[in-house]
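> missing the sequence, but the structure's below:
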């Protein structure tokens with residue numbers, strides 16, 4: 001039986017899948033696919049039946065693994081996916097998922113061969129982009145992106161009509177949809193959202209009149225779909241919602257979301273009691289003579305911040321223990337002085353629950369000087385994932 005790396009890290013001695021078996025690395029992430037499925041069902045229950053759901057799985061499914069997450073959502077009835085990086089689309093196809101995949105701006109026409117072979121849809125924001133893609137592909141499937149005021153990628157509203165007309169004029173181009181992203185610039189207010197909706201409606205009315213309106217118009221990401229039901233149109237493409245993050249404190253849709261990231265787990269790879277033979281204790285927060293120091297097999301190369309505050313902690317044997325500066329590329333110290341029964345090889349949770357103690361995502365995000373989405377964004381692809 002030939003086993004690849006991903007199979008090995010989840011298999012016991014018999015070769016049968018064992019999700020509880022520790023991965024080859026002594027650090028890993030625990031991802032709750034059932035939470036992702038639950039979050040999808042929460043969204044689906046609050047949308048009109050005709051509104052399709054394209055799951056945005058950029059940044060490797062927000063660090064949770066684009067392939068496994070897509071497979072779980074496909075089984076729930078998702079309509080398609082959106083990704084910004086070609087490897088994420090490849091990972092989805094590798095799982096045997098054949099649903100539509102929209103490539104957000106990122107991949108270039110130099111990748112046209114694999115894009116065409118995988119049946120992916122590209123984003124265009126200008127006539128120049130359309131011609132560049134056509135030059136490299138036998139048949140080009142596109143979504144037109146519109147900039148409604150975000151000042152990022154997308155055609156200006158005044159240019160959309162000509163772009164839709166050009167796409168429809170070519171036999172080798174299939175204009176599958178049109179989408180936009182609501183502005184997240186700091187100046188955004190409810191009034192500005194109303195303005196953006198008005199711009200999109202005008203675009204769609206003109207497209208209807210000219211016979212160039214594509215089958216799908218899509219604008220609502222996570223915050224949009226939760227705050228502005230009037231922005232549903234034909235489809236929505238939330239992303240953070242599926243990992244349990246609402247991205248808004250003002251939801252008009254009462255969804256109950258569950259976090260997808262259950263644990264950030266490491267192990268004690270070294271333990272020692274310090275003594276005077278080491279010299280004077282370092283003049284750093286938390287260090288003292290005679291303390292017990294443990295070393296974790298995780299560092300800033302694995303996504304941890306290079307600077308952690310003195311209050312940062314981890315769980316060992318169900319008890320909290322302070323983390324010690326500095327953070328190294330692949331290692332991190334922990335003060336085990338008050339946990340005398342800690343042993344070499346013990347599991348250490350930087351996030352998650354051990355016994356009756358829990359380190360929450362909000363705590364970790366604070367210690368890492370980010371927010372919850374930023375925490376997921378710092379999950380590294382080389383760290384194994386265990387799915388439960």
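Happy to help now that I have it. These figures come from a predicted structure and were not determined experimentally.

> pLDDT of the longest strand anywhere in the chain, averaged?
Identified as the longest strand of the chain according to DSSP state E is strand 261-273. Per-region confidence: strand 261-273 scores 97 on mean pLDDT.

> give the pairing partners of that strand; include direction for each.
Paired neighbours of strand 261-273 in the sheet (DSSP bridges): strand 28-31 (antiparallel), strand 292-296 (antiparallel), strand 347-354 (antiparallel).

> now do the helices in the stretch 101-250 of the chain.
112-117, 127-136, 157-169, 190-210, 222-227 (DSSP state H, counting those that start in this stretch).

> and the fourth one, how far out from the chain's middle?
On the basis of Cα atoms, centre = their mean, to the nearest Å, helix 190-210 is displaced by 29 Å from the centre of the chain it belongs to.

> what sits up against that helix?
With contacts defined as Cβ atoms under 8 Å, 6 or more residues apart in numbering, helix 190-210 is touched by 146, 148-149, 157, 160-161, 164-165, 178, 180, 182-183, 213-214, 217, 219, 228, 230-231, 233. (Each C-beta comes from the backbone N, C-alpha and C, glycine too.)

> now which of the residues you listed would you call buried?
Listed as buried from these are 146, 148-149, 157, 160-161, 164, 178, 180, 182-183, 213-214, 217, 219, 228, 231, 233; burial here means 16 or more other Cβ atoms under 10 Å.

> quick one: which of the residues you listed sit in strands?
146, 178, 180, 217, 219.

> OK, contacts around the residue nearest to the fourth one when sequence neighbours are not counted?
The reference is to residue 217. Excluding its sequence neighbours, the residue lying closest to residue 217 (Cβ to Cβ, 6 or more residues apart in numbering) is residue 233, at 4.4 Å. Taking Cβ under 8 Å, 6+ apart, we find residue 233 in contact with 51, 200, 217-220.

> could you redo the last one with a cut-off of 7 Å?
Neighbouring residues of residue 233 by Cβ atoms under 7 Å, 6 or more residues apart in numbering: 217-219.

> pLDDT score for residue 15?
Residue-level pLDDT assigned to residue 15 equals 38.

> the one 4 residues further on now?
Residue 19 is assigned a pLDDT of 43 by the prediction.

> that older thread, what sits up against the longest strand of the chain?
The contact list for strand 261-273, computed with Cβ under 7 Å, 6+ apart, reads 26-32, 64, 243, 290, 292-298, 336, 342, 344-352, 361, 376, 388.

> now swap in stretch 333-347 and tell me
By Cβ under 7 Å, 6+ apart, stretch 333-347 touches 265, 267-268, 271, 286, 291-296, 314, 316-317, 319, 321-324, 348.

> returning to what we had before: quick one: the helices of the stretch 101-250 of the chain as a markdown table, columns for mean pLDDT and distance to residue 369 too.
Listed next are those as a markdown table, based on pLDDT from 0 to 100; distance: least, Cβ to Cβ, whole Å:
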| stretch | mean pLDDT | distance to residue 369 |
| --- | --- | --- |
| helix 112-117 | 97 | 37 |
| helix 127-136 | 98 | 37 |
| helix 157-169 | 97 | 37 |
| helix 190-210 | 90 | 29 |
| helix 222-227 | 92 | 22 |
